[in-house]
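Chemist: Output the structure for:
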Amino acid sequence: MRPTIVFLTTPDTARELRERLRRAGTYTPEPHFDRLTAGECEFGVDASGDVVSEYEDDELEELRRRLGEFEAICVEYRGVSCIRALVQAVLPGLDGVLDTNFGEFVDFPGVLARFRQDPEWDWRTSQS
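Modeler: Predicted coordinates:
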């Protein structure tokens with residue numbers, strides 16, 4: 001299984017984010033995870049929202065407090081440099097929360113600020 005991140009955001013922003021993901025490269029709908037190819041990078045994209053069932057009650061409570069009603073878009077990736085580039089391409093100007101799947105929820109502006117501060121930031125090895 002490849003590592004994943006989850007974009008969590010309001011329904012309106014989720015629509016915009018899905019569109020940005022579709023425009024980020026060659027996007028091919030598939031039965032389970034859609035395939036996104038951007039240059040040498042390949043991603044799986046699941047916008048079904050099914051990943052929400054994997055969250056604990058306290059995590060869901062925190063997300064509802066921070067976002068209100070929300071939707072989830074799960075993205076699987078192979079290399080951190082690829083997902084780093086994708087995140088920086090699709091998040092500017094959007095509000096929401098990135099679940100790194102390494103124990104951290106980071107708001108979208110905070111993710112972009114971290115990349116400005118440390119372009120090699122790797123959430124898998126460093127926590128705030």
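
Chemist: residue ranges with poor pLDDT in the protein?
Modeler: Residue ranges of the chain with pLDDT under 70: 1, 126-128.

Chemist: tell me the helices in it, going along the chain?
Modeler: For the chain, the helices defined by DSSP state H occupy 11-23, 57-67, 80-90, 108-117.

Chemist: can the ones you listed go into JSON lines with extra columns for distance to Ser48 and mean neighbour count?
Modeler: The way it works is simple: take the backbone N, C-alpha and C, and place the C-beta from them, glycine included. JSON lines is the format used below for these (distance: least, C-beta to C-beta, whole Å; neighbours: other C-beta atoms under 10 Å):
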{"stretch": "helix 11-23", "distance to Ser48": "11", "mean neighbour count": "16"}
{"stretch": "helix 57-67", "distance to Ser48": "17", "mean neighbour count": "13"}
{"stretch": "helix 80-90", "distance to Ser48": "18", "mean neighbour count": "17"}
{"stretch": "helix 108-117", "distance to Ser48": "21", "mean neighbour count": "15"}
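
Chemist: Mind checking these for the one nearest to Arg2?
Modeler: helix 80-90 (10.0 Å; C-beta to C-beta).

Chemist: Isn't Val80 up against Trp121?
Modeler: No - taking contacts as C-beta atoms under 8 Å, Val80 lies outside contact range of Trp121: 9.2 Å.

Chemist: List the beta-bridge partners for the closest residue to Asp99 other than its chain neighbours.
Modeler: Leaving aside its sequence neighbours, Asp99 sits nearest to Val6 (C-beta to C-beta, 6 or more residues apart in numbering; 4.1 Å). Using DSSP bridges, the beta-bridge partners of Val6 come out as Cys74, Asp99.
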